[in-house]
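K.L.:
Here is my input; please provide its structure:
(3 chains)
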Amino acid sequence: MVITSKIGIRTKGECDLIDITAQVEREVLDSGINTGTVTLFINGSTAGISTIEYESGLVSDFPDMWDRIVPRNISYQHDLRWGDGNGHSHVRASLLGPSLVVPFTDGILHLGTWQQIIVADFDNRPRAREIVAQIMGE
Amino acid sequence: MVITSKIGIRTKGECDLIDITAQVEREVLDSGINTGTVTLFINGSTAGISTIEYESGLVSDFPDMWDRIVPRNISYQHDLRWGDGNGHSHVRASLLGPSLVVPFTDGILHLGTWQQIIVADFDNRPRAREIVAQIMGE
Amino acid sequence: MVITSKIGIRTKGECDLIDITAQVEREVLDSGINTGTVTLFINGSTAGISTIEYESGLVSDFPDMWDRIVPRNISYQHDLRWGDGNGHSHVRASLLGPSLVVPFTDGILHLGTWQQIIVADFDNRPRAREIVAQIMGE
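P.N.:
Below you'll find the predicted structure:
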């Protein structure tokens, strides 16, 4: 059995981290599927999906890491060519990846207690985003 | 229902980025499966899979990032031990990851308009590569 | 058909890399499922999953990369707030990702000859870990 739904969020951009755990849990329960996986996928090339302990310290430390390894203030061919100013956003998104697969049993996701599902929006402006949540199982 | 197929590509190595979106779309349509996921997996430990806006600026910016964070011209134990010269290729591949899962409905992948599926071949020489595309759904 | 099992490991922390390939292969064979995917997921926010050529050179090079791009000896808000001393562990885990999906056919995983499945435990102390291995297919 396969159920496909969408989770809508609004982001501030520049590595805004949005905790979507509650929405994913609700979609899994609403699907009526007992055991299986939920595949999360963000369509767009300037955001990614992962997990984190969602507390204010790490919500600051994770973006700080991106500023170190994929800085904003260096030259990107993407920006020279298109003038978007979001070359760093694209490179960060490709490194993090657009997809996450989380297994569940009895309708409960196998997350740790301090492990939340996040969207990292790397774009250089606020965005409305849609994440596909496809639930497959029995 | 599960259909397993393979996508063959030739790469130049050293972070050559190959857009395999059209081949993945064709495999999904040919499978006859309406709704589900395609799991892409590259067997080999010097390449990875992700998505990117496939335009010449980013096709240059993404490799530039790898040259900064996992440089070629530093010492790797792998190279001292085996003399392959591709220690950086292995480390890059492990960080990016060998797998990507993309959901689809009505035979259409949930990709953004400017979001292509890429293989990043990090090896230090041209390679012939095979990517497994396993399609599961109903 | 969906089978959910767990793989238990003990780690030393600080980017200890554990090769779980043999356990995953056994779970797939024991499931009786012929063709499908195994979704590996580590619950916890200080460890990740990927693949690597598991040989002593790379088992040293991969942690060296983490020490360069997400160093231990810089300031993390997480540590200032909670005193855990593992801010770097969390950031590394979020970047690598907690999940990996590997396709198999005829009970055999589509891994390369020199490609092993690893758990990278980034925490700053030894841990007992459980990895969910959910096998789906027909």
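
K.L.:
Count residues in the vicinity of A:Asp79, would you?
P.N.:
Number of residues near A:Asp79 (other C-beta atoms under 10 Å in any protein chain shown) recorded here: 18. The C-beta positions use only the backbone N, C-alpha and C, and glycine is treated the same way.

K.L.:
er, A:Gly83 actually
P.N.:
A:Gly83: 8 neighbours (other C-beta under 10 Å).

K.L.:
Let me see the contact set for it.
P.N.:
The contact partners of A:Gly83, taken as C-beta atoms under 8 Å, 6 or more residues apart in numbering or on different chains, number zero.

K.L.:
and if you look at A:Val2?
P.N.:
Residues near A:Val2 by C-beta under 8 Å, 6+ apart: A:134-136, B:35-36, B:137-138.

K.L.:
Equivalent analysis for A:Asn43, please.
P.N.:
Taking C-beta under 8 Å, 6+ apart, we find A:Asn43 in contact with A:98, A:130, A:132, B:110-112, B:115.

K.L.:
cool, A:Leu40 as well?
P.N.:
Counting by C-beta under 8 Å, 6+ apart, the residues that A:Leu40 touches are A:20, A:24, A:49, A:99-102, A:117, A:131-133.

K.L.:
Please render these as CSV that adds pLDDT to the earlier fields.
P.N.:
Shown next, in CSV, are the contacts of A:Leu40 (pLDDT from 0 to 100):
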residue, pLDDT
A:Ile20, 98
A:Val24, 98
A:Ile49, 98
A:Ser99, 98
A:Leu100, 98
A:Val101, 98
A:Val102, 98
A:Ile117, 98
A:Ile131, 98
A:Val132, 98
A:Ala133, 98
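
K.L.:
Give me the subset of the residues you listed lying in helices.
P.N.:
Among these, DSSP state H puts A:Val24 in helices.

K.L.:
model confidence over the longest helix anywhere in chain A, on average?
P.N.:
The longest helix of chain A (DSSP H) is helix A:56-69. For helix A:56-69, mean pLDDT is 98.

K.L.:
Going along the chain, name the strands of chain A.
P.N.:
Counting by DSSP state E, chain A has these strands, from start to end: A:2-11, A:16-19, A:36-42, A:47-52, A:99-105, A:108-109, A:116-121, A:127-137.

K.L.:
Compare the ones you listed and give me the one nearest C:Ile42.
P.N.:
Closest of the strands of chain A to C:Ile42 is strand A:47-52, at 9.4 Å (criterion: C-beta to C-beta).

K.L.:
Next, format the strands of chain A as a markdown table and append distance to B:Val70.
P.N.:
Listed next are the strands of chain A as a markdown table, based on distance: least, C-beta to C-beta, whole Å:
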| stretch | distance to B:Val70 |
| --- | --- |
| strand A:2-11 | 29 |
| strand A:16-19 | 24 |
| strand A:36-42 | 25 |
| strand A:47-52 | 18 |
| strand A:99-105 | 22 |
| strand A:108-109 | 32 |
| strand A:116-121 | 20 |
| strand A:127-137 | 29 |
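
K.L.:
if we can go back for a sec, can you point out the buried residues in the longest helix of chain A?
P.N.:
By neighbour count on 16 or more other C-beta atoms under 10 Å in any protein chain shown, the buried set for helix A:56-69 is A:57-66, A:69.

K.L.:
what helices or strands is it leaning on?
P.N.:
If you count contacts as 3 or more C-beta pairs under 8 Å, 6 or more residues apart in numbering or on different chains; DSSP states H and E, helix A:56-69 packs onto strand A:16-19, strand A:47-52, helix B:56-69, helix C:56-69, helix C:77-82, helix C:87-96.

K.L.:
what's the spacing between the fourth one and its chain's center?
P.N.:
Okay, so that is helix C:56-69. In terms of C-alpha atoms, centre = their mean, to the nearest Å, the centre of helix C:56-69 is found 15 Å from the chain centre.
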